[in-house]
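In: model the following, please.
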Amino acid sequence: MSWPYYLTYKFFTLLFSLFLVATATFTLMHIIPGDPFSQEQTIPEEILKSLMTHYELDQPLLKQYIHYLQGLIRFDLGPSFKYEGRMIQDIIKEGFGVSATLGSLALVIAVINGGVLGSAAALCRGKWQDWLSMMTALIGMSVPSFILATLLQYFFAMKFNLLPIARWGEFRHMILPAISLSAFPTAFIARLVRNNMVEILEQEYIVAAKARGLSTNKILVRHVLKNCILPVLSYLGPLFANIITGSFVIEKIFGIPGLGGWFVMSITNRDYTMIMGITLFYSAILMIAVFVVDLIAYTIDPRIRSNR
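Out: Residues are numbered from 1 along each chain as shown. Next up, the predicted model:
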């Protein structure tokens with residue numbers, strides 16, 4: 001498959017997937033019993049009718065759906081039902097910068113620590129280093145992030161007063177929430193790197209390289225890392241999106257003004273446009289990340305091009 005054809009195919013697949021997500025979220029929000037104003041205290045009938053007319057909720061469902069899709073084409077996610085005068089895209093722009101900063105730091109920590117743990121385990125397979133690395137990874141995958149966050153707050157903030165317990169603004173405020181978020185992806189990357197490195201180290205060309213007298217460092221750089229990076233790279237796109245979407249609880253625990261807080265409040269307040277907008281936005285982040293990773297893998301791995 002040629003590069004332009006592959007790019008076009010992936011791009012239109014992405015657009016169609018976003019269309020399905022938009023349609024699904026719109027449908028779910030409108031089949032759920034109640035409306036965005038049902039949780040308000042007793043509202044006079046005239047005011048309720050005025051609100052429904054103002055937000056076009058009294059229109060036929062098909063007309064609302066077409067209007068919603070037209071807004072998406074213009075990158076207009078609509079107004080918030082609970083925060084008068086505020087547009088959903090403005091709220092996303094305000095909160096996503098914080099969530100993306102936290103997620104990026106957690107991703108860097110996960111890649112570095114996971115790569116080191118996985119490499120150490122593979123190179124020392126069957127030894128205590130291998131056992132210790134994999135036990136650390138197992139703990140990282142088993143302990144929920146909110147429990148780890150609470151433990152980190154207790155020991156590093158309350159008991160030893162080394163780091164702030166919450167808030168946002170300085171780099172030291174990011175350390176504990178970033179570590180909490182990075183635990184599971186660190187463990188996953190460590191296991192992924194170890195398994196791939198062990199498999200590669202058993203290949204005949206690696207054995208032949210050792211027989212030729214190549215040093216371990218040269219074998220790692222020339223052969224192992226090159227073939228080991230692709231599985232990790234294919235995971236980084238979804239991983240970044242997963243870290244950001246998984247930050248909702250962490251943001252709440254540490255009092256971080258990210259997009260997660262807005263999403264939780266939108267569910268509590270039944271702010272339909274915000275629920276749909278943030279869900280679609282995070283879906284787009286995930287799909288774009290996978291799209292970019294696929295293109296990078298297509299570029300650097302000739303096996304993918306030949307298989308296509």
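
In: let me see the mean pLDDT of the lengthiest helix in the chain.
Out: Under DSSP state H, the helix in the chain containing the largest number of residues is helix 88-123. Averaged across helix 88-123, the pLDDT comes to 91.

In: how about stretch 240-251?
Out: Mean pLDDT, computed over stretch 240-251, is 79.

In: and it, end to end?
Out: Its first and final residues considered, stretch 240-251 spans 16 Å by Cα to Cα, to the nearest Å.

In: shouldn't residue 172 be in contact with residue 163?
Out: Yes. With contact defined as Cβ atoms under 8 Å, residue 172 reaches residue 163; the gap is 5.8 Å. Glycine gets a C-beta too; all of them are placed from N, C-alpha and C.

In: so those two - more neighbours on which side?
Out: residue 163 (16 against 11; other Cβ atoms under 10 Å).

In: which of the three states applies to the more buried one?
Out: coil (DSSP: H, G, I helix; E, B strand; the rest coil).

In: from residue 107, how far off is it?
Out: 20 Å (Cβ to Cβ, to the nearest Å).

In: what about the helices in the stretch 201-308 of the chain?
Out: Taking DSSP state H, counting those that start in this stretch, the helices of the stretch 201-308 of the chain run over residues 204-211, 216-219, 225-245, 247-254, 259-269, 272-300, 302-307.

In: show me where pLDDT drops low in the stretch 151-300 of the chain?
Out: By pLDDT under 70, the stretch 151-300 of the chain contains no weakly predicted segment.

In: contact partners of the helix or strand harbouring residue 152?
Out: Element membership of residue 152 [criterion: DSSP states H and E] is helix 145-152. Contacts to helix 145-152, defined as Cβ atoms under 8 Å, 6 or more residues apart in numbering, come from residues 176, 177, 179, 180, 181, 183, 184, 246, 249, 250, 253, 254.

In: ok, of these, which one's closest to residue 6?
Out: residue 246 (30.5 Å; Cβ to Cβ).

In: my read: residue 122 touches residue 192, true?
Out: No. Between residue 122 and residue 192 there is no contact under Cβ under 8 Å: 10.7 Å.

In: so if I had to pick from those two, which one is more boxed in?
Out: Each of residue 122 and residue 192 has its neighbours counted (other Cβ under 10 Å); residue 122 has more, 24 against 19.

In: dump the residue contacts of that one.
Out: 130, 193, 194, 197, 198, 201.

In: can you check residue 176 too?
Out: Each residue near residue 176 by Cβ under 8 Å, 6+ apart is listed here: 149, 152, 153, 156, 157, 163, 164, 254.

In: at 10 Å instead, please
Out: For residue 176, the contact set (Cβ atoms under 10 Å, 6 or more residues apart in numbering) comprises 148-149, 151-153, 155-157, 162-166, 250, 253-254.

In: can you tell me the centre-most residue of the protein?
Out: residue 241 (1.8 Å; Cα atoms, centre = their mean).

In: tally of neighbours for residue 145?
Out: By other Cβ under 10 Å, 22 other residues sit near residue 145.

In: where's it relative to residue 165, distance?
Out: Counting by Cβ to Cβ, the separation of residue 145 from residue 165 is 16 Å.

In: ok, now residue 205?
Out: For residue 205, the distance to residue 165 equals 52 Å [Cβ to Cβ].

In: please say which of those two ends up with more neighbours.
Out: residue 165 (16 against 11).

In: chain center to stretch 150-157, what's the gap?
Out: In terms of Cα atoms, centre = their mean, to the nearest Å, the centre of stretch 150-157 is found 24 Å from the chain centre.

In: the helix or strand containing residue 186 to helix 225-245, inter-axis angle?
Out: In this structure, residue 186 sits in helix 171-201 according to DSSP H and E. If you take axes from the mean of the first three to the mean of the last three Cα atoms, to 10 degrees, helix 171-201 sits at 140 degrees to helix 225-245.
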